[in-house]
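Q: Need coordinates for the below:
(chains A and B)
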Amino acid sequence: MTVAAVQLRRRFRRFLAAEIEGLAAFDRAASWDGFDPAFSRRMGEAGFIGLALPREWGGHGRSALERYVVFEEALVAGAPVGFHWFADRQSGPLIARYGTDAQKRAILPALCRGELCFCIGMSEPGAGSDLAALRTEARPVAGGFVVNGTKLWTTNAHRAHYMIALMRTTPRGEADGRHAGFSQFLVDLKSPGIRIRPVRDLYGREHFNEVTFTDCFLPADSVIGRVGAGWAQVTAELALERSGPERYLSCHVLLTELLRRLRGSRDARVRVALGRAVAELITLRALSLGVAAQLAAGEDPQLAAAVVKDLGARFEQSLPALAQDLVAVTPTLDAQAGDFRRVLASLMLVVPSFSLRGGSVEVLRGIIARGLGLRAGGGERDGQ
Amino acid sequence: MASDGLLREAVDRALRPAITPAVLAAADGGAFPRAVWDVCADVGVDRLTLPADAGGAEASPGEAGAVIRTLGALQAPVPAVEALVARLLLAAAGLPQFDGVMTLVPAPLVAGADRRAELADVPWGHVADWLVAELPGGSLGLAPARGLEWRPGRNVAGEPRDTAVIEVAAFERAPLPAGTLGWLGALARATQIGGAGAAILDLAVAHAASREQFGRPLLRFQVIQHQLALLAEAVAAIDAVNAAAWQALEVHGLPRAGRRRGADASLYAIAARISAADRVEAITAIGHQVHGAMGFAAEYPLHHATRRLWAWRAEFGTAAEWAAQLGARALARGGDRLWHDITAVTDA
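A: Predicted coordinates for the structure are as follows:
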């Protein structure tokens, strides 16, 4: 770690300690699903959003490693970062890299102040792991595009200001290859012709949405990057989406609560199980920091990110069962129940999504196999 | 760590031609490949981390880790890793560096009433000139290995693991915090596992590319691709945590007697040890499954690597023993300190 990164960690820890003091473990366990616009605004004001974005657009011009430090500290603390998470993690960097000056001016300063919530318009009813099967079409017309189609599983669409959407700008039959003819758009979700309907998840929460575009007009200047270059851009975006510490730290609160609850235990079974969990946590952080270093060096972390994400998902998914092996309590979401039982229940109900969001593990293993030289070509991807 | 690659490549270039299938097979049968040891000594593998005036290459711990991984990948049938670690410890404790074959005693010595102690499962004990061991009371000891009555033994990889009894007074000693030899040896084994694991991955990928079944190469089957991806992930995970542990050693150094204990590399070394040992099962299982019956043939090289993995995961403490220790440490520190302790190692 650099001196600057270590100092930043200290400063951010002080900020977080004051902000989330007294927040129950159950709320902290929501991790990057925790949604609190006022908190995001304070975090932006304090200078902790848009760390690696250029200063001229309101960012802080820091390194990818420093950005990583803030991400991991926020996750470990269980800070409610959901409002700005996607914006900070991928939409901001995407716009900074491919956007026009006008787009940067309009978006990045407010994003860095923690005032903007973004959602990611990739998945569709017929396009999950096979993203290239998406059908939503942005047809060129005078002055812009007219969009028709449906995005699905779009987290936070109902409370986001913007969506970064991948759409087809060349009809399927006319595109030159499976990955040609896509473009990315900055969609103002207040635009006429957009209907957003919640999709309740098995937990009972409504963060997913179905977003329907019906003859929705998008001005020409809402294209991000180059028309037709959407696939290459989205691949770079996915590398950012997959590589972060949230791919192994989303259940961290459960591990710390377990240690707290079992403190002083002399049970060999408890020690061995928790020792193994700590070893895996250290292993995953070493892997994940390696990805951050690759990003900082301007290398393509796609392969290493796939490894972190697959191993990270398996680690996180193992923790609720581990907790139940070590502490004999029944999980429940009842508000009057103890914090530990509620944390356990809430994580149990979300962990199945960990091996899906951001790319199913099957897709990731395909990427790794390609990296081993076992496969040619590419074609699959993600979720959120 | 920019020069990691150079030292590693030099060792690889010198050793690879010396470790032929015939040499490995002969070592398996109990022969000591003196020529391989001589190459190691000529290249200076054992003195890698020592200062130039002690005949060393002044390599950093990160570079030493990279070389140990290479020795694991080559399955070098000599105590080169033991000697490298032994000399690193001797230097830290301020004990002399004598010439010759040097090895480590894996378990701390327990002296009996007669002031004698058993040296159990000492790697290449019967051919060693010098022994480095942890003595009771937090010190490191150096003693001649010649002249002891060695009872030869071997681990499942056919590597010599010999036993003898020694007078504790035979050791020249200097203070070194208790446990240091244990976790550094464990990290070295984890690092060798990373190297040999990568060798298994290479063999499995090459086999899947050349072997045809059902009218196509094995690697065309998605189920095989996914198995190999899991194998590659296991190797990548081991390599990452090992590298982090050697890096931590580079930053914090070895613990010194009498100095207050702050963050040190032991947390990461133990984590690396657990992580590597626990991944042996997946690596060897997938490696063998992809190879089919071929992997069981004595003349095919796979077993030299897989048997070493099975042997190495049990040496210098098992994963469960280390996990019990790491778990006890985490439980004593409590949930709030866990992350602080993990980041303190890399933030220094």
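
Q: Helix or strand next in line after the longest helix along chain A, which one?
A: Secondary structure of chain A read by DSSP state H shows that its longest helix is helix A:268-296. Remark: after helix A:268-296, the chain's next helix or strand is helix A:302-326, criterion DSSP states H and E.

Q: Now look at the longest helix of chain A and say if it contacts chain B.
A: Yes - applying Cβ under 8 Å from any Cβ of the partner chain, one finds helix A:268-296 touching chain B at A:268, A:270-276, A:278-287, A:289-290. All C-beta spots, glycine's among them, are computed from the backbone N, C-alpha and C.

Q: between that helix and helix A:302-326, how many degrees?
A: With axes from the mean of the first three to the mean of the last three Cα atoms, to 10 degrees applied, the angle from helix A:268-296 to helix A:302-326 works out at 160 degrees.

Q: which among the residues of helix A:268-296 next to chain B end up buried?
A: A:270-276, A:278-287, A:289-290 (16 or more other Cβ atoms under 10 Å in any protein chain shown).

Q: how about the residues of the stretch 1-150 of chain A near chain B?
A: Contact residues (Cβ under 8 Å from any Cβ) of the stretch 1-150 of chain A with chain B: A:1, A:5-6, A:9, A:76.

Q: Most neighbours of all those residues, which one?
A: Neighbour counts for the residues of the stretch 1-150 of chain A next to chain B, by other Cβ atoms under 10 Å in any protein chain shown, peak at residue A:76, which reaches 23 neighbours.

Q: And the residue of chain B most remote from its centre, how far from residue B:291?
A: The outermost residue of chain B relative to its centre, with distances by Cα atoms, centre = their mean, is residue B:215 at 41.4 Å. As for residue B:215, its distance to residue B:291 is 19 Å (criterion: Cβ to Cβ, to the nearest Å).

Q: ok, now residue A:134?
A: 40 Å.

Q: The residue in the stretch 51-200 of chain B that chain A sits nearest to: how many residues sit nearby?
A: Among the residues of the stretch 51-200 of chain B, residue B:190 lies closest to chain A, at 10.5 Å counting by Cβ to the nearest Cβ. Other residues near residue B:190 come to 32 when the count uses other Cβ under 10 Å.

Q: Kindly report the same for residue B:17.
A: 8.

Q: Does residue A:64 touch residue A:289 like I think?
A: No - using Cβ atoms under 8 Å as the test, residue A:64 is too far from residue A:289 to be in contact (10.7 Å).

Q: Need the overlap of contacts for the two.
A: Common neighbours of residue A:64 and residue A:289 are not found (criterion: Cβ atoms under 8 Å, 6 or more residues apart in numbering or on different chains).

Q: one step back: from the residues of the stretch 1-150 of chain A next to chain B, which land in strands?
A: Using DSSP state E, no member of the residues of the stretch 1-150 of chain A next to chain B sits in strands.

Q: interface residues of the stretch 151-300 of chain A facing chain B?
A: A:252, A:255-260, A:262-265, A:268, A:270-276, A:278-287, A:289-290.

Q: How about the helix or strand hosting residue A:242, which residues are buried there?
A: Assigned by DSSP H and E, residue A:242 belongs to helix A:230-243. Going by neighbour count (16+ other Cβ under 10 Å), the buried part of helix A:230-243 is A:230-231, A:233-243.

Q: now, among the residues you listed, which is nearest to residue B:26?
A: Distance to residue B:26, by Cβ to Cβ, is smallest for residue A:243 among these, at 46.6 Å.

Q: where are the low-confidence patches of the chain?
A: All of this is about chain A. Applying pLDDT under 70 to chain A flags the ranges A:376-384.

Q: Hmm, no, I was thinking of chain B.
A: B:1-4, B:260-261.

Q: Give me the most central residue, it.
A: residue B:189 (2.4 Å).

Q: State the three-state secondary structure for that residue.
A: helix (DSSP: H, G, I helix; E, B strand; the rest coil).

Q: show me what contacts it?
A: Going by Cβ under 8 Å, 6+ apart, residue B:189 touches B:273, B:276, B:312-313, B:315-316.

Q: near chain A too, which of those residues?
A: For chain A, the contacts drawn from the contacts of residue B:189 by Cβ under 8 Å from any Cβ are residue B:273.

Q: Taking the contacts of residue B:189, please make a PyMOL selection of just the buried ones.
A: Entered in PyMOL, the line below selects the buried ones among those, by 16+ other Cβ under 10 Å:
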select buried, chain B and resi 273+276+312+313+315+316
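
Q: okay, the residues of the stretch 1-150 of chain A next to chain B in a markdown table with distance to residue A:38 next?
A: Output for those, formatted as a markdown table (distance: Cβ to Cβ, whole Å):
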| residue | distance to residue A:38 |
| --- | --- |
| A:1 | 31 |
| A:5 | 27 |
| A:6 | 29 |
| A:9 | 24 |
| A:76 | 21 |
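
Q: Please name the nearest non-neighbouring residue to residue 88.
A: Going with chain A. In this structure, residue A:88 finds its nearest non-sequential neighbour in residue A:49, 5.2 Å apart by Cβ to Cβ, 6 or more residues apart in numbering or on different chains.

Q: You answered for a different chain; I wanted chain B.
A: Residue B:88 sits nearest to residue B:49 (Cβ to Cβ, 6+ apart), 5.0 Å away.

Q: can you tell me the helix or strand for the one you found?
A: Per DSSP H and E, there is no helix or strand for residue B:49.

Q: got the contact list for residue 288?
A: I went with chain A, as the question did not name one. A:68, A:243-245, A:247-248, A:308, A:312.

Q: meant chain B actually
A: Per Cβ under 8 Å, 6+ apart, neighbours of residue B:288: B:295-296, B:302, B:306.
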